[in-house]
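J.: what's the 3D shape of this:
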Amino acid sequence: MTIEKITRALCVPLALAALVLPAPARGAEADVKLERVEIDLADLPSLQSGARTYVNLCLGCHAAGLVRYNTLLQLGLTEQQVKDNLMFTTDKIGDYMRTAMQPADAREWFGVAPPDLSVAARSRGADWLYTYLRGFYRDPATLTGWNNTVFPNVGMPNVMWHLQGERIRKEEPVMRDGKEVGDGHGGVLKKVSFETVRPGTQTQDEFERTVRDLVNFMVWMGEPVQLKRKQLGLSCSSRSAS
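T.: Residues are numbered from 1 along each chain as shown. Below is the predicted model of the structure:
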């Protein structure tokens, strides 16, 4: 069968799938405005940077159990580069990206095993992940000493604190005509801001780029063939129109 015939055969199933597949979840635990992140799955340097951040800072707790290491070859990396720089839990490039953490240890340390993040970007959405990863601040009232603007009292600490630095949350009453403004529920409306008390190793722009690359990689990781799928979809639409 020729490529042209395969493309024609796939056009109808793909069109139907687009109608029945659920949209990614966009909700957040806290009522905050999600910041938009630019996703570019053709940006190989960004994806390579995101992969490096993931295996160094995320994979210790969060597996990507639906992705094999040899899939990373699609990012323009050689097999030797993947083995030397991205494989820390196995020596077989065909293995899945599993965490070295034992489930029993995870339950003891965190109360629950950290979730697999293979499809986190598809379930949460890129904007949610981007806002969440940039939303940590110091909070001595929590078990880990960290809190998050998007996910209050989350059990995850800020694993990127050495890059971002440490922030504290500050609240001030909103004033109008010299008086505090009520929140409509018997309390006082508060203005929230954040103050950096210890800078990180990256500037704000550098850190935002690091997080963007990580989220870009996680979007790619959720469906490594999505660029090809979209290209095929465009081909189907073009053939249907003609």
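J.: For the closest residue to residue 53 other than its chain neighbours, give me its contacts.
T.: In space, not counting the residues next to it along the chain, residue 53 is nearest to residue 214; the distance is 4.6 Å by Cβ to Cβ, 6 or more residues apart in numbering. Glycine gets a C-beta too; all of them are placed from N, C-alpha and C. Residue 214 makes contacts with 49-50, 53-54, 58, 133, as judged by Cβ atoms under 8 Å, 6 or more residues apart in numbering.
J.: Look at residue 168 and say how many residues are nearby.
T.: 14 (other Cβ atoms under 10 Å).
J.: Use 19 as the first number from now on
T.: Fine by me, first position is 19 from now on; the one you just mentioned is residue 186.
J.: name the element it belongs to?
T.: Per DSSP states H and E: residue 186 is located in strand 183-191.
J.: From the chain's centroid, how far away is that strand?
T.: Counting by Cα atoms, centre = their mean, to the nearest Å, strand 183-191 is centred 24 Å from the centre of its parent chain.
J.: Tell me the buried residues in that strand?
T.: Applying a neighbour-count criterion of 16 or more other Cβ atoms under 10 Å, one finds 183-185 buried in strand 183-191.
J.: remind me which residues of the protein are low pLDDT?
T.: For the chain, applying pLDDT under 70 flags the ranges 19-48, 245, 248-260.
J.: Show me the strands in it, by range?
T.: Using DSSP state E, the strands of the chain run over 82-86, 114-115, 154-156, 164-166, 183-191, 193-194, 197-198, 208-217.
J.: Out of the ones you listed, which is closest to residue 176?
T.: strand 154-156 (3.7 Å; Cβ to Cβ).
J.: out of the contacts of residue 232, who's nearest residue 165?
T.: Nearest member of the contacts of residue 232 to residue 165, counting by Cβ to Cβ, is residue 151, at 13.8 Å.
J.: Neighbours of that closest one, how many?
T.: Around residue 151 there are 24 residues (other Cβ under 10 Å).
J.: Which parts of this structure are helices?
T.: Counting by DSSP state H, the chain has helices at residues 21-38, 62-71, 97-103, 121-128, 138-142, 144-151, 179-182, 222-240, 244-259.
J.: OK, contacts around the residue lying closest to residue 140 once chain neighbours are set aside?
T.: Spatially, and ignoring its direct neighbours in sequence, residue 140 is nearest to residue 240 (4.3 Å; Cβ to Cβ, 6+ apart). The contact partners of residue 240, taken as Cβ under 8 Å, 6+ apart, are 136-140.
J.: Buried ones among those residues?
T.: For the contacts of residue 240, buried by 16+ other Cβ under 10 Å: 136-140.
J.: and the contacts of residue 232 as CSV, adding distance to residue 53?
T.: CSV is the format used below for the contacts of residue 232 (distance: Cβ to Cβ, whole Å):
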residue, distance to residue 53
67, 19
68, 17
71, 18
72, 20
76, 20
151, 10
